[in-house]
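A.B. asks: heads up, no residue letters with this:
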């Protein structure tokens with residue numbers, strides 16, 4: 001049986017790419033297609049086991065390696081140009097366009113959906129505001145292109161025979177936007193990377209890419225109201241300058257941290273803070289696997305993995321007052337947290353369990369597909 005996997009782009013190695021890595025663990029003979037692939041050899045060896053990908057025409061356009069997102073209006077056409085007719089089983093790994101790959105009735109197409117296109121749907125108005133595209137000719141052009149992308153996204157929702165969602169939050173959005181059911185299989189988390197630490201140090205920690213939706217700036221600003229509390233910030237990104245401006249003397253911004261140092265800082269912290277609205281949030285489960293309680297936003301995937309008062313604390317608004325209130329609550333019940341139990345419960349999200357569930361689901365759908373073909 002010939003198998004292919006279609007993905008949007010390989011530029012970073014993070015949560016979605018770790019799902020692709022697991023697919024390769026299950027099926028090492030997968031052929032991989034992507035709109036563009038900018039991995040260096042070292043990252044390719046880790047994430048793709050050294051495999052090269054078949055790239056779209058986007059990869060040959062001017063400045064595409066660094067600025068490929070500027071060609072987003074061409075991504076639907078790029079995905080549709082992939083010729084996967086020679087494969088029996090096609091996986092799309094989609095947080096935007098990959099699910100639109102064209103297959104025939106004689107092929108089984110399973111989509112692992114991280115999200116419908118965020119900036120075309122529920123983050124549409126936020127995207128226009130943050131990109132300074134609310135007025136002017138660029139705004140008119142962008143709004144028209146987004147309208148066309150929404151039409152394409154909806155009309156291609158049935159190209160996959162089956163949809164897998166990465167959380168119940170994503171499943172609800174798939175139902176709302178595409179009116180389709182989906183199976184929920186949480187993404188893989190390398191829980192063995194972190195060892196539970198039972199004696200915590202006196203600091204809070206947050207981590208992530210420094211972009212607006214991660215809300216790192218909000219967390220840093222909150223600690224300006226808590227000068228007696230220490231915050232360690234791990235990460236880098238385009239919002240670094242704004243975040244540094246908000247940081248007081250009690251905030252240590254260390255930038256990128258190697259794996260060992262990253263794991264140590266997360267494991268020794270008294271609490272991990274995460275402010276983003278995520279489809280799932282792998283880094284949150286990584287912190288829990290170290291026995292570290294988490295303060296997290298009570299919407300999205302983190303509302304499913306962080307249980308208020310059991311392994312962490314929720315806050316209801318992505319703003320400084322809500323976060324300060326949750327920190328106060330955390331400190332009032334901190335003595336109740338069982339670090340060992342917090343870590344043990346993350347076994348459900350392990351890479352081993354993810355790969356087992358993906359394989360079983362695929363085998364089931366292949367059997368059903370084969371039975372229908374024989375009728």
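C.D. replies: Thanks, I have it. These figures come from a predicted structure and were not determined experimentally.
A.B. asks: Burial check on residue 103, number of neighbours?
C.D. replies: As a burial measure, residue 103 scores 20 neighbours (other C-beta atoms under 10 Å). Backbone N, C-alpha and C define where each C-beta goes, glycine included.
A.B. asks: Residue 156 versus residue 1, what's the distance?
C.D. replies: With distances taken as C-beta to C-beta, to the nearest Å, residue 1 is found 25 Å from residue 156.
A.B. asks: who's more crowded, these two?
C.D. replies: When residue 1 and residue 156 are compared on other C-beta under 10 Å, the one with more neighbours turns out to be residue 156, at 19 against 9.
A.B. asks: tell me the phi and psi of residue 234?
C.D. replies: Its backbone dihedrals place residue 234 at phi -110, psi 130, with angles given as degrees, to the nearest 10.
A.B. asks: In contact with it, which residues?
C.D. replies: Applying C-beta atoms under 8 Å, 6 or more residues apart in numbering, one finds that residue 234 lies in contact with 205-208, 254-257, 262, 265.
A.B. asks: And for residue 181?
C.D. replies: 163, 171, 174-175.
A.B. asks: List the ones among the contacts of residue 234 that fall in strands.
C.D. replies: 205-207, 254-255 (DSSP state E).
A.B. asks: mind listing what's buried in the lengthiest helix in the chain?
C.D. replies: Within the chain, and with DSSP state H defining each element, the longest helix by residue count is helix 351-373. Neighbour counts using 16 or more other C-beta atoms under 10 Å place 351, 353-355, 357-358, 361-362, 365, 369 of helix 351-373 among the buried residues.
A.B. asks: do the same with stretch 235-255
C.D. replies: Residues of stretch 235-255 classed as buried: 235-236, 239, 243, 246-247, 251, 253 (neighbour count, 16+ other C-beta under 10 Å).
A.B. asks: export the contacts of residue 181 to CSV and tack on pLDDT, neighbour count and distance to residue 65?
C.D. replies: Listed next are the contacts of residue 181 as CSV, based on pLDDT from 0 to 100; neighbours: other C-beta atoms under 10 Å; distance: C-beta to C-beta, whole Å:
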residue, pLDDT, neighbour count, distance to residue 65
163, 98, 24, 31
171, 97, 19, 35
174, 97, 21, 32
175, 97, 14, 37
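A.B. asks: ok, so of those residues, who is nearest residue 122?
C.D. replies: The nearest member of these to residue 122, counting by C-beta to C-beta, is residue 174 at 12.3 Å.
A.B. asks: Okay, and the closest one sits in which element?
C.D. replies: helix 168-178 (DSSP states H and E).
A.B. asks: following that helix, which helix or strand comes up?
C.D. replies: Beyond helix 168-178 in the direction of the C-terminus, DSSP H and E gives the next helix or strand as strand 183-184.
A.B. asks: what pairs with that following strand, and is each one parallel or antiparallel?
C.D. replies: Using DSSP bridges, the strands paired with strand 183-184 in its sheet are strand 162-165 (parallel).
A.B. asks: which strands and helices sit next to the longest helix of the chain?
C.D. replies: If contacts are counted by 3 or more C-beta pairs under 8 Å, 6 or more residues apart in numbering; DSSP states H and E, helix 351-373 sits against helix 15-26, strand 108-113, strand 162-165.
A.B. asks: Let's have those in CSV, adding distance to residue 58.
C.D. replies: Shown next, in CSV, are the helices and strands packed on helix 351-373 (distance: least, C-beta to C-beta, whole Å):
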stretch, distance to residue 58
helix 15-26, 18
strand 108-113, 20
strand 162-165, 25
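A.B. asks: which stretches of the stretch 151-300 of the chain form strands?
C.D. replies: 162-165, 183-184, 204-207, 231-234, 251-255, 271-274, 294-297 (DSSP state E, counting those that start in this stretch).
A.B. asks: Distance to residue 281 for the ones you listed - can I get that in a markdown table?
C.D. replies: Conversion of the strands of the stretch 151-300 of the chain to a markdown table gives the following (distance: least, C-beta to C-beta, whole Å):
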| stretch | distance to residue 281 |
| --- | --- |
| strand 162-165 | 14 |
| strand 183-184 | 15 |
| strand 204-207 | 11 |
| strand 231-234 | 15 |
| strand 251-255 | 21 |
| strand 271-274 | 6 |
| strand 294-297 | 7 |
